[in-house]
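A.B. asks: Model the structure of this input:
(one chain, ligands or ions: 2)
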Amino acid sequence: MAGDYSRWSPVKRDFKAMLKNLSHEEILEVLSEGLCAYCEEVIEGRINSLNQRRLDEMALANVNIAESSAELLQGDSSDDVISPKRKLNVDAHTHSPRVEESTYSGSAKRFVSVLSTPVNNKQPTFDHSNFGQVGNADLSEDHKELFRFCQVGRRKDFAYYENIDGKKVNVLKGLELYTNVFNPDEQKEIVELVYKLQRMGRNRELRARTYSEPRKWMRGKGRVTIQFGCCYNYAVDKDGNPPGIVRDEVADPLPRLFKEMIKRMVRWHVLPPSCVPDSCIVNIYEEGDCIPPHIDHHDFVRPFCTVSFLAECKILFGTNLKIVNEGEFSGPFSLPLPLGSVLILNGNGADVAKHCVPGVPAKRISITFRKMDASKLPYRYTPAPELVGIERFVPPSPNTSRNRQHLKDGKSDKREHVAKSENKVFSNEDDFPPLGKSTPSKSKSRR
Ligand SMILES: O=C(O)CCC(=O)C(=O)O
Ligand SMILES: [Fe+2]
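C.D. replies: Ligands and ions are numbered 1, 2, ... in the order given. Next up, the predicted model:
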């Protein structure tokens, strides 16, 4: 049978018009099979940038609702004024983190209040009670969490090209930086726990390999480390164990507060639910301490992340990081790590580029959270039930929110007006693709 060669005719076809005539299902059919690797990559890239645009638009819209909710609530009480500092924090989504500007004032009981209640993965992690200071009585838990969620800055566009085997490669592909994930009060509470753990380590109240201090002569080179979930060897140990997870050793389990941190990161779309960390290493750097150039061991899967506290420092990336002197390194790409930020290492950023932290300018703490490869788990490892089934935060729908109800009740004309004019995104549930749409029952079940 003769084939239909009309499609090869030199007459220019209107490809876009042809697409327009297809149904959703037909477009899926056309696009899902028989494409070459190049076309698949192009389509994947386009889908990724569409998704990113949606997320950016949503974050922007959510900042609007969060800001105007706060503004509206100011009217209720003269004490309930949103502080300029807190307003500045909203800038975080434009990638100018301001956490450092805040002081450690206020109660540090936020983690405690959450931790003292039974752990339930459907509940928001932590207490989003920063909002408490703007008179949040009428805001639903979802809106309080939304306010904090919107303050997280997200940056994924890192690029530095190196020549590898004759090809230009973005060695930073896969790096992501999230700012304002932990607020100053939360940072303070985490740091206090680290100090307590350090005291316990010094008093030999932690398991032998959990706590380790660099030897005196290594000052300026090493750092204090505290490991949870597994014991990890940086080099062949005295028993001949190779670098990596020591499977027949038992480590102290992750402290509850660290599990809350993990839940926060998964819930706020910082870490994927498919890669929930089950171990961590706390690095305590004194001024001048460093971590030399390395690639994290593959006994840990990707992505993994590091959270920064106490002092901002720079982390260097590149395939060829140079050791200039003790604690002095040089590399082609330098990234400052703001306090309370989470750096995600994945893809080339984790496995092609090495990273290192040159001697820090002041005392600094970082916590590196990693998921162990299933085939490398310690023999006596038991998973933490709190870290199973963590649900991602879904921005609340306007129709189900108590706040919206309150606005509807006509407590204030100003509220009505602002709600109508500024928060258009909440005017229709369909305005929330892809996060807000699918899960009305889920968002209910979180309460
Ligand atoms: O301190 C940091 O931010 C980096 C730590 C790190 O690279 C590691 O723990 O493997
Ligand atoms: Fe590392």
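A.B. asks: Cys280: neighbouring residues, count only.
C.D. replies: Counted with other Cβ atoms under 10 Å, residues neighbouring Cys280 total 24. C-betas here are computed from N, CA, C, even on glycine.
A.B. asks: Same check on the one 5 residues further on?
C.D. replies: For Tyr285, the count of nearby residues is 24 (other Cβ under 10 Å).
A.B. asks: Can you give me the distance of the nearest residue to Leu35 once chain neighbours are set aside to Lys188?
C.D. replies: Nearest residue to Leu35, sequence neighbours excluded (Cβ to Cβ, 6 or more residues apart in numbering): Ile43, at 7.2 Å. Note on Ile43: its distance to Lys188, by Cβ to Cβ, to the nearest Å, is 46 Å.
A.B. asks: what about these two, which has more around it?
C.D. replies: In this view Ile43 and Lys188 are compared by other Cβ under 10 Å, and Lys188 has more residues nearby, 20 against 13.
A.B. asks: Run through the residues that contact Pro293.
C.D. replies: 316, 321, 323, 329, 331, 354-356 (Cβ atoms under 8 Å, 6 or more residues apart in numbering).
A.B. asks: Of these - the most surrounded one?
C.D. replies: Counting by other Cβ under 10 Å, top hit in those: His355 with 25 neighbours.
A.B. asks: Whichever strand or helix holds it vs ligand 1: in contact?
C.D. replies: Per DSSP states H and E: His355 is located in strand 354-357. Yes - where contact is defined by Cβ under 6 Å from any ligand atom, part of strand 354-357 touches ligand 1, namely 355, 357.
A.B. asks: Also stretch 342-349?
C.D. replies: No - using Cβ under 6 Å from any ligand atom, stretch 342-349 stays clear of ligand 1, with a minimum separation of 6.8 Å.
A.B. asks: Between its first and last residues, how far does that stretch reach?
C.D. replies: Length of stretch 342-349, first residue to last, Cα to Cα, to the nearest Å: 14 Å.
A.B. asks: so after the helix or strand harbouring Lys263, what's the next helix or strand?
C.D. replies: With secondary structure defined by DSSP H and E, Lys263 is part of helix 256-267. Using DSSP H and E, the helix or strand that follows helix 256-267 in sequence is strand 279-285.
A.B. asks: now the helices for the protein?
C.D. replies: All helices of the chain, identified by DSSP state H, fall at 15-20, 24-32, 37-74, 84-89, 110-115, 141-150, 184-202, 256-267, 347-351, 402-408, 413-422, 440-445.
A.B. asks: mean pLDDT lowest for which of those?
C.D. replies: Lowest mean pLDDT of the helices of the chain: helix 84-89, a mean of 28.
A.B. asks: residue contacts, Ile344?
C.D. replies: Taking Cβ under 8 Å, 6+ apart, one finds 174-178, 270-271, 303-305 in contact with Ile344.
A.B. asks: try it again with 7 Å
C.D. replies: 175-176, 270, 303, 305 (Cβ atoms under 7 Å, 6 or more residues apart in numbering).
A.B. asks: Fine by me, thanks again.
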